[in-house]
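S.K.: Predicted model and sequence follow; I will ask about them next.
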Amino acid sequence: MKILKALASLKVFFAAVSIAAAALAYETLIQKDFFSGHSSFFYFSVFLLLANISSCLALRLSRKPWPKISFVLIHSGVIICIFGFIMSSFYGFEGEIFLYKGQESNMVSNSDAVYKIPFRIRLENFYIEYYNQPSPYIVLEDGSRLEAVPSSVIRKAGLDCRVEEFLNDFVLNESGKALNRSSFFNNPAVKIGCKKAGKKESAWIFANLSSHNGNSLPFKLIIENADIKDYKSVISILYRGSQQKAEVSVNSPAKFNGYKIYQTSYEPSAGESSVLTVKKDNWLWLVFLGFFVLAAGVIGWIL
């Protein structure tokens with residue numbers, strides 16, 4: 001009984017909350033990482049909080065008069081939620097898979113290891129949705145601008161220039177030829193040819209680099225309306241001779257045999273490729289059950 005009283009004290013409760021807050025602050029503010037909830041200090045605070053609330057409920061149930069049902073439901077709901085979180089953390093699965101368009105694999109990895117999942121994922125297509133159609137413009141030193149469209153003519157400050165080529169995702173192939181790596185605006189570049197004093201100079205100007213980009217042409221390239229709305233992957237899930245197609249986006253995962261496949265990110269320098277997250281959590285239902293019990297207790301307490 002003394003142990004239960006010690007664990008049920010407000011001091012233990014505030015200690016658990018303080019440790020959890022410190023772990024959160026350390027991981028997000030100091031390490032600059034997304035809070036994952038997998039640090040040893042955070043786990044310690046969770047177990048301490050579980051012991052505190054469980055002891056509090058056990059003490060109240062050991063005394064008469066017994067507590068109201070709303071009190072029991074609220075505390076039980078919190079206990080179930082915490083227990084569900086612990087089980088999900090220890091027995092849940094999460095890993096990332098990087099795929100080029102047309103590539104397939106069943107190997108996913110996280111910070112701990114590489115895992116083999118029981119099905120293969122093939123990236124059929126990847127595309128980016130923009131809020132508006134991106135528009136490239138060439139900006140001159142005086143602030144004036146014109147669209148970066150091939151054959152556009154620029155005659156200012158003694159320059160006689162012409163837009164020779166525009167690429168929205170510039171890359172050089174093995175032979176040194178410039179071409180588009182993808183249809184996305186990952187590395188926009190415009191090639192401008194100018195005549196001055198009988199000499200011709202051609203140069204690539206890049207939107208992702210600073211003004212002048214190391215050449216002598218007084219122009220900048222800007223891209224308007226290039227804000228990304230969403231990025232999506234079209235995948236095929238291959239399992240025992242069957243094939244299931246699905247489209248996944250950031251907030252719309254594909255589901256297969258208890259697994260969820262999320263669109264996580266993409267790598268601009270890799271062209272048409274995608275980073276997917278594969279998750280499996282057999283204990284998430286316990287967390288939802290805890291929230292349901294907790295909500296029932298709060299409603300009963302209000303009424």
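M.R.: Noted; the coordinates are in hand.
S.K.: Centre-most residue in this protein?
M.R.: Centroid-nearest residue in the chain: Thr264, 4.4 Å away (criterion: C-alpha atoms, centre = their mean).
S.K.: Just the CA atoms from the helix or strand harbouring it would do, formatted as PDB, please.
M.R.: Using DSSP states H and E, the element containing Thr264 is strand 259-265. Output of strand 259-265 as PDB, limited to C-alpha atoms (Å, rounded to 0.1, in the frame of the first residue of the first chain):
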ATOM      1  CA  TYR A 259       0.100  -2.700 -43.800                       C
ATOM      2  CA  LYS A 260      -0.200   0.900 -44.700                       C
ATOM      3  CA  ILE A 261       1.800   2.600 -47.400                       C
ATOM      4  CA  TYR A 262       2.300   6.300 -47.200                       C
ATOM      5  CA  GLN A 263       3.700   8.900 -49.500                       C
ATOM      6  CA  THR A 264       6.600  10.400 -47.500                       C
ATOM      7  CA  SER A 265       8.700  12.500 -49.800                       C
END
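S.K.: Give me the residues contacting that strand.
M.R.: 96, 117, 119, 121, 231-233, 235, 237, 246, 248-250, 252-255, 274-280 (C-beta atoms under 8 Å, 6 or more residues apart in numbering). For the C-beta atoms, the positions are set from N, CA and C on the backbone; glycine is no exception.
S.K.: partners of that strand in the sheet?
M.R.: strand 254-256 (antiparallel), strand 273-280 (antiparallel) (DSSP bridges).
S.K.: ok, then the element right after the longest one?
M.R.: Yep, that's strand 273-280 we're talking about. Strand 273-280 is succeeded, C-terminally, by helix 284-302 (DSSP H and E).
S.K.: Distance check, the closest residue to Ala148 other than its chain neighbours against Gly92.
M.R.: Of all residues beyond its chain neighbours, the one nearest Ala148 is Pro136 (3.9 Å), with distances taken as C-beta to C-beta, 6 or more residues apart in numbering. Remark: distance between Pro136 and Gly92 (C-beta to C-beta, to the nearest Å) = 45 Å.
S.K.: Quick one: residues contacting the residue nearest to Ala148.
M.R.: Pro136 neighbours (C-beta under 8 Å, 6+ apart): Glu147, Ala148, Phe166, Asn168, Pro188, Val190, Ala207, Leu221, Ile222, Ile223, Glu224.
S.K.: Pull out the buried residues from whichever helix or strand it is part of.
M.R.: Per DSSP H and E, Pro136 falls inside strand 135-140. Within strand 135-140, the residues that qualify as buried are Pro136, Tyr137, Ile138, Val139, Leu140, counting by 16 or more other C-beta atoms under 10 Å.
S.K.: again with stretch 8-26
M.R.: Ala8, Val12, Phe13, Ala16, Ile19, Ala20, Ala23, Leu24.
S.K.: roughly how far is it from the heart of the chain?
M.R.: 28 Å (C-alpha atoms, centre = their mean, to the nearest Å).
S.K.: How many neighbouring residues does Pro150 have?
M.R.: By the criterion of other C-beta atoms under 10 Å, Pro150 has 11 neighbours.
S.K.: Could you give the number of residues near the closest residue to it other than its chain neighbours?
M.R.: Using C-beta to C-beta, 6+ apart and skipping residues adjacent in sequence, the residue nearest Pro150 is Val163, 5.4 Å away. By other C-beta under 10 Å, 21 other residues sit near Val163.
S.K.: same thing with Phe288?
M.R.: Phe288 - counted by other C-beta under 10 Å - has 12 other residues nearby.
S.K.: State the helix or strand in which the residue nearest to it when sequence neighbours are not counted lies.
M.R.: Spatially, and ignoring its direct neighbours in sequence, Phe288 is nearest to Gly84 (7.9 Å; C-beta to C-beta, 6+ apart). Assigned by DSSP H and E, Gly84 belongs to helix 69-91.
S.K.: in the next helix or strand after that helix, what's buried?
M.R.: With elements assigned by DSSP H and E, the helix or strand that comes after helix 69-91 is strand 93-100. Buried positions in strand 93-100, judged by neighbour count with 16+ other C-beta under 10 Å: Phe93, Glu94, Gly95, Ile97, Phe98, Leu99.
S.K.: Show me what strand 93-100 is packed against.
M.R.: On a contact count with 3 or more C-beta pairs under 8 Å, 6 or more residues apart in numbering; DSSP states H and E, strand 93-100 meets strand 104-109, strand 114-130, strand 273-280.
S.K.: and the angle for the shortest one with strand 93-100?
M.R.: Think strand 104-109. 130 degrees (axes from the mean of the first three to the mean of the last three C-alpha atoms, to 10 degrees).
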